[in-house]
Structure formats: C-alpha cells, structure tokens
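Q: Everything below, folded, please.
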Amino acid sequence: MDTERTGEQARTDRGYRLRGPGCPSGAAGPGEQPAAAGAAGPARGRPRSEAAELAIVEGVVNLLEQGVPLADLSIERIARTAGVGKATIYRRWSGKEELFVDVVASIEEPDPELPGTSLRDDLVRLLEHMRRRGLNLRTSALLHNVIVQMKTLPKLWDAYHELVVEPRRRAMYAVLRRGVADGELPEDTDIELAGDLFSGPMLLRTVMRPDAPLAEDLSVRIVDSVLAGIRADRTAKAQVPPVG
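A: Prediction:
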C-alpha cells in the first residue's frame, strides 16, 4: 500500500541518486545499459567527495522542508547550510539548476529496472513507475510543492525535462523499437505515436486529473488495451485485398 512518508524516511529508504559531476545526461535510464566498471567518466575524487555531495543535497532538502522557496535558495545559503564552501558545490554542479534537478531526483522514486522478458512486461513496468510517481505527487507534500515551483522557473523546468523527462521518453522508445525488432509490433509502427498512446492515459490521470483513481491494475489495463488496438490494426491491414 502506498502511504505517506516523511522526507527523511523517503530519503533513507531510497538513498540519493546523484548523476555525478559533469555528467550531462544522468544515470542510466530505464532500459539503458549502465556504464561498465572502469569506463571513462567523471572522477569521484576522495571518498569524502560523496559525503560532501550528500551533505549538499541534504542541505537543500532541509531548506525546502523549512518552507524556503526554490527561487530564494542561493549557492551561498546552500553552502552555509551544508557546511561546505561554494567551490565544493561548483565542482560538482555547474549551477543551481543542475543541483536542484538532482535534489528532485533524490526524492522521487528511482527509475525502474526493466525485466526484458517481453514488450508487454517492460511497458507495464514503465507505466507502473509513472503510476507510483503520480501517487507520490499526491501524498508527498515536499515533492508536490517542489514540482509546482519548478514549473514557474523556466530554466529549471527545462533542465528537469532534459535530464530527467527526456531519458524516460527515450527509454519508452527503446522498448518499442525492441518490440518491432522482435516481431511483437508491426514493422511500420510509429514509435513516437505509440509512445504517446501508452503513456498518455497515465499522464492524463496523474497530471491533468489529480482526483482520478490510480488503481493497482491500471498499468496492465492500459498496456493490454493499446497492444490489442495496435495488433487489431495489423490484422485488419493484412486482410485488405491488394488493389488490382
């Protein structure tokens, strides 16, 4: 059962998922392969480096829980709250936007690991993540307030879309392309349109209709309904006699 948890409990349960300094595209999204061990990437520095990052994110979350608006958070204030120097923050994030995106990611539910057993299973997992995120937005006052504030800050909202939303959309497209390659979807499937058909109903209920029920079987019903429609269209096309 999805119950409301305090910000501290949620952070303890989920841990911080930081993209790391200088990593523009974030951690591997759902359906994407994580970087191999030893692969080139940003240096993490001494072990204390991660502790500093956690202190910085914790400092931002604490300020937000105290009711400080995002727009009023300065690097100076964050550094003072976290007990670090401003240079420590700028070594890890280019500015407030990237830092705030990491903070939001740390209090959101982590992106799911896909089973990879079938197109249907992967789609259900992706939509279930969207459903649970919708439930969290309804029950977590902190997350809800942060998202609402982000929408009033265009630069921050754009950064959130680039670093969080777009990787999730690409993950959906990757699943659909694998479905085409495996013969589970027609070869002429419009990937972008199909992605909208699967995610649209869930986004409508979680974003546009906050009072709409988010039943536990909603993800399964959406996926099965859309797949049935796509496959019925393929059958209908196959039955059309050739012209001439």
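
Q: alpha carbons only for contacts and neighbour counts from here, please
A: OK.

Q: where does the most centrally placed residue in the chain sit relative to Arg120, distance-wise?
A: In the chain, the C-alpha nearest the mean C-alpha coordinate belongs to Val164, at 5.0 Å (CA atoms, centre = their mean). When distance is defined by CA to CA, to the nearest Å, Val164 is 23 Å away from Arg120.

Q: Do a quick rundown of the helices in the protein.
A: Applying DSSP state H to the chain gives helices spanning 7-14, 48-65, 75-82, 86-90, 96-107, 119-139, 141-150, 154-160, 166-181, 191-203, 218-239.

Q: of all these, which lies closest to Glu113?
A: For Glu113, the closest of the helices of the chain is helix 119-139, at 8.1 Å, according to CA to CA.

Q: Mean confidence (pLDDT) on that closest one, please.
A: Per-residue pLDDT over helix 119-139 has a mean of 94.

Q: cool, and stretch 227-244?
A: Mean pLDDT, stretch 227-244: 71.

Q: and what of stretch 78-98?
A: Model confidence over stretch 78-98 averages 93 on the pLDDT scale.

Q: If you count neighbours, what's buried in it?
A: Ile78, Ala79, Thr81, Ala82, Val84, Ile89, Arg92, Trp93, Lys96, Glu97, Glu98 (16 or more other CA atoms under 10 Å).

Q: and what of stretch 96-115?
A: Neighbour-count burial for stretch 96-115, counted by 16+ other CA under 10 Å, picks out 96-112, 114.

Q: Next: stretch 165-173.
A: Residues of stretch 165-173 classed as buried by neighbour count (16+ other CA under 10 Å): Pro167, Arg168, Arg169, Arg170, Ala171, Met172, Tyr173.

Q: next one: stretch 218-232
A: Leu218, Ser219, Val220, Ile222, Val223, Leu227, Ile230.

Q: and which of those is nearest Ile191?
A: Nearest to Ile191, judged by CA to CA, of the buried residues of stretch 218-232 is Ile230 at 11.7 Å.

Q: Could you pull up the residues touching the closest one?
A: Leu185 (CA atoms under 8 Å, 6 or more residues apart in numbering).

Q: mind running it again at 7 Å?
A: Counting by CA atoms under 7 Å, 6 or more residues apart in numbering, Ile230 makes contact with nothing.

Q: pull the helix or strand with minimum mean pLDDT from this protein.
A: Ranking every helix and strand in the chain by mean pLDDT, DSSP states H and E puts helix 7-14 at the bottom, with a mean of 39.

Q: can I get the buried residues of stretch 218-232 in TSV with distance to Asn62?
A: Below are the buried residues of stretch 218-232 laid out as TSV (distance: CA to CA, whole Å):
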residue	distance to Asn62
Leu218	34
Ser219	34
Val220	37
Ile222	38
Val223	39
Leu227	44
Ile230	47
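
Q: Of those residues, which is the nearest to Gly59?
A: Nearest member of these to Gly59, counting by CA to CA, is Ser219, at 35.7 Å.

Q: Am I right that the closest one is in contact with Leu126?
A: No - the pair Ser219 / Leu126 is not scored as a contact, 8.5 Å apart, by CA atoms under 7 Å.

Q: What pLDDT does the model give Ile147?
A: With respect to pLDDT, Ile147 has a value of 87.

Q: How many residues are close by Thr152?
A: Counted with other CA atoms under 10 Å, residues neighbouring Thr152 total 12.

Q: Please give me every residue in contact with it.
A: By CA under 7 Å, 6+ apart, Thr152 has no neighbours at all.
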